[in-house]
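Participant: Give the three-dimensional model of this entry:
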Amino acid sequence: MGIASRLYQLQATEQKLKAQKQLLKSTLSRLAQNDELAVAQAELAVLQEDRDSKRKVQRQLEWEVEELTAKIRGVSDQLYSGSVRNPKELVNLEQDRKSLKRHLGEKEDRLLEAMDATEAAEAEANRVNQDVARIGAEWDAEKPQLQQVKGESEASIQQLLQTRDALRAEIGPAHTGIYDSLLKSTGLAVVKVEQGRCKGCNITVPTGQWQQARSGEVVLCSSCGRILLVE
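Facilitator: Alright, predicted model coming up:
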């Protein structure tokens, strides 16, 4: 196997290594945190706070309705008990009763609105709470598979690291230095020649370069500067 072939194998190994490292990173991130669950939990917290606030308003209005109802009952008792005989006082009591009933009607209207708002807020919070439970259950069910992927990826990384190190040692620093420089500048250091064209730039490779590359020499494309591999 020529140097170009070994460098191509090194490149393929390092590409696989990069992919496995990215897979491991995403798998570890998925195991540590579920973004969809975090968003749903944050939404639920906001909805629960809104629901609790509306419940508080409803309870306050319920208390105020009870208080007004008790006051009206007390005034009515005075009006109809016969204990008050003064006409002016009776008129005042009747006016108080009418005023209290008017306020009671307003409070009851507000209470009905508050009850509707509380019911809607509870329904929305319950809906998102169900989403949280569903997403959490799906995540829990996914974790064993993620752990398996993590283990397989870690094993693959170790194997690829060994292969990479062995290839670099076999190839030697002179050629790996050229390879690393090209990799850094072009993103792809070694390219195949197919149907007489460099696969890096799609330019026709001169016959002399093609023959040199085929003989196993390290030849750089005269157009894009990448190492040519002729199989």
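
Participant: Helix, strand, or coil at residue 9?
Facilitator: helix (DSSP: H, G, I helix; E, B strand; the rest coil).

Participant: correct me, but residue 65 touches residue 109?
Facilitator: No: at 10.4 Å, residue 65 does not count as touching residue 109 under the criterion of CB atoms under 8 Å. Quick note: C-beta positions are derived from backbone N, CA and C, even for glycine.

Participant: Those two: which has the busier surroundings?
Facilitator: residue 65 (16 against 11; other CB atoms under 10 Å).

Participant: got any ranges where this protein has weak pLDDT?
Facilitator: Applying pLDDT under 70 to the chain flags residues 1.

Participant: So which residue is dead centre in it?
Facilitator: residue 35 (2.9 Å; CA atoms, centre = their mean).

Participant: measure that one to residue 153 for me?
Facilitator: According to CB to CB, to the nearest Å, residue 35 and residue 153 sit 20 Å apart.

Participant: for the longest helix seen in the chain, the distance to its chain's centre please.
Facilitator: Using DSSP state H to define each element, the chain has its longest helix at helix 87-171. Mean C-alpha position of helix 87-171 versus that of the full chain (CA atoms, centre = their mean, to the nearest Å) differs by 15 Å.

Participant: Show me what it is packed up against.
Facilitator: helix 3-32, helix 35-81 (3 or more CB pairs under 8 Å, 6 or more residues apart in numbering; DSSP states H and E).

Participant: out of the ones you listed, nearest to residue 217?
Facilitator: helix 3-32 (7.8 Å; CB to CB).

Participant: Let me know the angle separating the closest one from helix 87-171.
Facilitator: Calculated by axes from the mean of the first three to the mean of the last three CA atoms, to 10 degrees, helix 3-32 forms an angle of 160 degrees with helix 87-171.

Participant: tell me what helix 3-32 is packed against?
Facilitator: Going by 3+ CB pairs under 8 Å, 6+ apart, helix 3-32 lies up against helix 87-171, helix 173-186, strand 190-194, strand 227-229.

Participant: what angle sits between it and helix 35-81?
Facilitator: Using the same axes, to 10 degrees, helix 3-32 lies at 20 degrees relative to helix 35-81.

Participant: Surely residue 84 forms part of a helix?
Facilitator: No: counting by three-state DSSP, residue 84 falls outside a helix, being coil.

Participant: Going forward, count from 20.
Facilitator: Got it, first residue is 20 now, which makes that one residue 103.

Participant: okay, stretch 112-119 in CSV with CA atoms only?
Facilitator: Taking C-alpha atoms only, stretch 112-119 is exported to CSV below (Å, rounded to 0.1, in the frame of the first residue of the first chain):
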residue,chain,number,x,y,z
LEU,A,112,-82.2,50.6,55.7
GLU,A,113,-84.0,49.9,52.4
GLN,A,114,-81.6,52.2,50.6
ASP,A,115,-78.7,50.3,52.2
ARG,A,116,-80.2,47.0,51.2
LYS,A,117,-80.6,48.1,47.5
SER,A,118,-77.0,49.5,47.5
LEU,A,119,-75.7,46.3,48.9
